[in-house]
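Visitor: Task: produce atomic coordinates for the following.
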Amino acid sequence: THGAFLGASFYLSTDGVNYNEIDTEANSVMWGVVKGSVPTASRGYYSLDWDTQITIFPAVDGFTLESITDDELWNGGNGCVIGNEVIQFRDVVENADGSWTISNLLRGRRGTEWACDTHVANEPFVLLDVDTIDTGQQGLDAGGRTGYGKAGGCGKFIRNTPPIIITYEPRDLMPYAPANI
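Guide: Sure thing, here's the model as predicted:
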């Protein structure tokens, strides 16, 4: 049965054997599932896409989103991950059926322009909280290295939790693809 979220700890390993706790989070993240599939960016990446609208069905209680100003958008506000793409959104509408629609999008953010055309139906949506994102953990020299991650509820043993194997690619530190030449 599902209960209240009591927090989680995140662990990282370079060898898959020895894990170090890297973070503990007491609050559940705002996440949900995208209705259908995210279309290709109508105006390309690096520009404001005012045509595309994305509808999200919340997966957690207390799910809420807020509209922001243009200045807040261009300064990195309202970031989210859908599939492998980082997207920012300016406008939000709560729908009568409990879903939310985001619009006025900046697509392919943080070096994920390659992912704009890779979406599939019903991908997860995760709201990024810029106040809790830890940047600068890895450098370019870590590119291509394998890491092992585990997450578990606070106070729980992770011994039997299968790892998520990640080959680190520091895309946000790499030169971005040329655009609008």
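
Visitor: ranges for the strands of this structure?
Guide: 8-13, 20-25, 31-34, 48-58, 79-82, 85-94, 100-109, 124-127, 146-153, 164-167 (DSSP state E).

Visitor: weakest of these by average pLDDT?
Guide: Per-stretch mean pLDDT for the strands of the chain is lowest at strand 20-25 (a mean of 74).

Visitor: Could you find the residue nearest the spatial middle of this structure?
Guide: Val81 (2.8 Å; CA atoms, centre = their mean).

Visitor: how about the strands of the chain in JSON lines, adding distance to Cys116?
Guide: Yep, even glycine has a C-beta here, placed from its N, CA and C like the rest. Conversion of the strands of the chain to JSON lines gives the following (distance: least, CB to CB, whole Å):
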{"stretch": "strand 8-13", "distance to Cys116": "28"}
{"stretch": "strand 20-25", "distance to Cys116": "29"}
{"stretch": "strand 31-34", "distance to Cys116": "14"}
{"stretch": "strand 48-58", "distance to Cys116": "10"}
{"stretch": "strand 79-82", "distance to Cys116": "10"}
{"stretch": "strand 85-94", "distance to Cys116": "6"}
{"stretch": "strand 100-109", "distance to Cys116": "5"}
{"stretch": "strand 124-127", "distance to Cys116": "15"}
{"stretch": "strand 146-153", "distance to Cys116": "25"}
{"stretch": "strand 164-167", "distance to Cys116": "21"}
